[in-house]
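Colleague: Okay, predicted coordinates and the sequence, questions at the end:
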Amino acid sequence: MNKKLTLLIGCGAAFAVAAAEESNSGSLVAVEAVQTNLNVVWTLVAGILVFAMQAGFALVEAGLTRAKNTSNIMMKNIMDFVIGSICFWVIGAAFMFGATKFGFIGTSGFFMDIFKGGDDWNWTYMFFQTMFCATAATIVSGAMAERTQFRSYLVYSALISLFIYPIAGKWAWGGGWLANLNFHDFAGSTVVHSVGGWLALAGAIALGPRLGKYGPDGKPRAIPGHSIALATTGVLVLWIGWFGFNPGSTVAGCGDIGRVAMITNFGAVAGTFTALFTAWIILKKSDPSMTLNGALAGLVAITAPCDIVTPVGALCIGGIAGILVVLSVLFIDRLGIDDPVGAISVHLVNGVWGTLACGFFGAEAVLKTADTSSGIFYGGGIHALAVQSLGVLTYGSWAFILGGITFVVIKKTIGLRVSADEERKGLDMAEHGTDAYAGFQFFMNE
């Protein structure tokens, strides 16, 4: 958060100094107003792009699961956003951006009190941060797909938006203790994605695998999704949304947004490329779902370091992410953890990798954004990597332990998983009484 504010102030200051040399004080005020408006417009547009990622997640998850659960997937994704918007405004933002160091008590109040005054920038920044909160909640739905009670999922979604995500976000983005240690996560590889991934892991373990996922011998069976077309469209929508997610985290309408966008794209294309060939070598086929997850893995991994790495660094980070996601999907499958869409491998594994990558590839001196670089490969030493590792361990412990407790409590009280009969029938009819593809006949592997 401190780095974002520094960049925002720096862009405005540079603009103002140049203007001051050419005009009087009245003109200087006008220039500052123009810069403020640019910041507002860009951050608002970026927030809208991040909102579009909700559609991307919905399409990916629907495409990679069976047709009989499509309405349920769509309902969970839209309700994540609805519940997240309300809960983050009511209390979450106060935890995340309140006055305390750790984000637990003594915050500045609820109902957006921390943004009181209602000026244009505060409303815009609140909107932008709400989109991030909703994204963190949405990540979990794919890993818990096809067997979770809808009402239980709504309870979980509220809890992550009220407490779990905002308190964790405070530490890095709200002026908390990790920010004071110079922990670097520019747009959320850890704060958003690995937190969502750890929660997804806890949820998948608490639920257990889908019926028919593992044979009598314990070996995993493939349960293909019903539409690679939907999944591919979803990945492309997410890819577009990421150009709001990462460049938008500058929260400033200045030249850096173009560089961050290009670095983001390098991470994505590298992840897609290496996932394709890794899957091709291991599975003997150019698997579409692995390739799609490679794109998302590259995007997740480049999210933390997108402001401090070179194009070569971005290609390396994304390329490693594409390899990791394929190996991770296969490994998690063999552990007996059923993740229908690969959310744990994409968001947890590569959220961690992208965060650690800052300590290897940070090239601030090369980019001339600082006097020295933080990455080991650019002469930065071990300090940055140690801080990044501390952040990874802290966020992982927080999200996984609290997520595990949350899902166990839900399971013991209102219930977490649908009945076997409802799962076989499909959650569309069992939970919502409607068929996403009325009038169409599908032949599925149960």
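Modeller: In hand now; what should we look at?
Colleague: Quick one: end-to-end distance for stretch 419-437.
Modeller: 23 Å (C-alpha to C-alpha, to the nearest Å).
Colleague: contacting residues around that stretch?
Modeller: The contact list for stretch 419-437 (C-beta atoms under 8 Å, 6 or more residues apart in numbering) reads 62, 66-72, 74-75, 146-147, 149-150, 210-211, 417-418, 446. Heads up, the C-betas are built off the backbone N, CA and C, glycines and all.
Colleague: again, only using 7 Å
Modeller: For stretch 419-437, contacts defined as C-beta atoms under 7 Å, 6 or more residues apart in numbering pick out 67-72, 75, 146-147, 150, 210-211, 418, 446.
Colleague: Check stretch 131-141 too.
Modeller: 47, 50-51, 53-54, 57, 61, 73, 76-77, 80-81, 84-85, 88, 92, 157, 160-161, 165, 188, 192-193, 195-197, 199-200, 203, 343, 347.
Colleague: Then stretch 154-162?
Modeller: 79-80, 83-84, 87-88, 91-92, 133, 136-137, 199, 406, 410.
Colleague: Weed out the non-buried ones from the contacts of stretch 419-437.
Modeller: Among these, those buried by neighbour count (16 or more other C-beta atoms under 10 Å) are Ala67, Lys68, Asn69, Thr70, Ser71, Asn72, Met75, Glu146, Arg147, Arg210, Val418.
Colleague: hmm, back to that, quick one: which of the contacts of stretch 419-437 sit in helices?
Modeller: Thr70, Ser71, Asn72, Met75, Phe150 (DSSP state H).
Colleague: Contact partners for the second one?
Modeller: Yep, that's Ser71 we're talking about. For Ser71, the contact set (C-beta under 7 Å, 6+ apart) comprises Asp428, His432, Thr434, Ala436.
Colleague: The third one now?
Modeller: Listed by C-beta under 7 Å, 6+ apart, the contact set of Asn72 reads Phe150, Leu427, Asp428, Glu431, His432.
Colleague: Now do the closest residue to it other than its chain neighbours against Ala436, distance only.
Modeller: Spatial nearest neighbour of Asn72, chain neighbours left out: Leu427 (3.8 Å); criterion: C-beta to C-beta, 6 or more residues apart in numbering. With distances taken as C-beta to C-beta, to the nearest Å, Leu427 is found 10 Å from Ala436.
Colleague: And the two? Which one has more around it.
Modeller: A count of neighbours by other C-beta atoms under 10 Å puts Leu427 above the other of Leu427 and Ala436, at 26 against 19.
Colleague: pLDDT score for that one?
Modeller: Note on Leu427: pLDDT of 96.
Colleague: now do Glu446
Modeller: 48.
Colleague: lowest-pLDDT helix or strand in this protein?
Modeller: For the chain, scoring each helix and strand by mean pLDDT, DSSP states H and E identifies helix 2-20 as the least confident one, at a mean of 49.
Colleague: Pick the one among the ones in helices among the contacts of stretch 419-437 closest to Ser397.
Modeller: Phe150 (29.3 Å; C-beta to C-beta).
Colleague: helix or strand right after the helix or strand Ser397 falls within?
Modeller: Using DSSP states H and E, Ser397 falls within helix 383-412. Next helix or strand after helix 383-412 toward the C-terminus (DSSP H and E): helix 420-425.
Colleague: In that next one, which of the residues would be classed as buried?
Modeller: Glu423.
Colleague: before we move on, back to that, how about the contacts of stretch 419-437, which pair is most distant?
Modeller: Taking C-beta to C-beta as the measure, the contacts of stretch 419-437 span a maximum distance of 22.2 Å, between Met75 and Glu446.
Colleague: quick one: average pLDDT of stretch 119-127?
Modeller: The average of the pLDDT scores along stretch 119-127 is 85.
Colleague: And that stretch, what's buried?
Modeller: Across stretch 119-127, burial judged by 16+ other C-beta under 10 Å covers Trp121, Thr124, Tyr125, Met126, Phe127.
Colleague: Please report the distance of the second one from Val45.
Modeller: Which is Thr124. 10 Å.
Colleague: cool, and Ile405?
Modeller: In terms of C-beta to C-beta, Ile405 sits 38 Å off from Val45.
Colleague: more crowded one of those two?
Modeller: Val45 (15 against 11).
Colleague: From Asn180, how far out is the more buried one?
Modeller: Note on Val45: its distance to Asn180, by C-beta to C-beta, is 31 Å.
Colleague: Kindly report the same for Gly212.
Modeller: Look at Gly212 and Asn180: by C-beta to C-beta, they are 50 Å apart.
Colleague: what does Ala420 give?
Modeller: Ala420 sits 50 Å away from Asn180, going by C-beta to C-beta.
Colleague: And for Thr148?
Modeller: 38 Å.
Colleague: The two: which has the busier surroundings?
Modeller: Thr148 (29 against 11).
Colleague: Please look at that one and Leu207 and confirm they touch.
Modeller: Yes. Shown here, Thr148 and Leu207 form a contact pair, counting by C-beta atoms under 7 Å, at 6.4 Å.
Colleague: shared neighbours, these two?
Modeller: Common neighbours of Thr148 and Leu207 (C-beta under 7 Å, 6+ apart) are Leu416, Arg417.
Colleague: what number of residues lie near Ile240?
Modeller: Quick note: Ile240 (other C-beta under 10 Å) scores 14 neighbours.
Colleague: Quick one: low-confidence residue ranges for this protein.
Modeller: For the chain, residues meeting the criterion pLDDT under 70 lie at 1-26, 99-118, 441-446.
Colleague: At the geometric centre of it, which residue sits there?
Modeller: His193 (3.5 Å; C-alpha atoms, centre = their mean).
Colleague: gap between that one and Arg210?
Modeller: Look at His193 and Arg210: by C-beta to C-beta, they are 24 Å apart.
Colleague: repeat for Ala438
Modeller: Relative to Arg210, Ala438 is positioned 24 Å away (C-beta to C-beta).
Colleague: Asp185 too?
Modeller: For Asp185, the distance to Arg210 (C-beta to C-beta) stands at 33 Å.
Colleague: One more: Ala231?
Modeller: Taking C-beta to C-beta, one finds Ala231 at 18 Å from Arg210.
Colleague: Over to Gly319?
Modeller: 32 Å.
Colleague: Same question for Gly267.
Modeller: For Gly267, the distance to Arg210 - C-beta to C-beta - is 32 Å.
Colleague: helices or strands up against the longest helix that the chain contains?
Modeller: If you go by DSSP H, the chain has its longest helix at helix 25-63. Judged by 3 or more C-beta pairs under 7 Å, 6 or more residues apart in numbering; DSSP states H and E, helix 25-63 is in contact with helix 2-20, helix 70-87, helix 120-143, helix 228-245.
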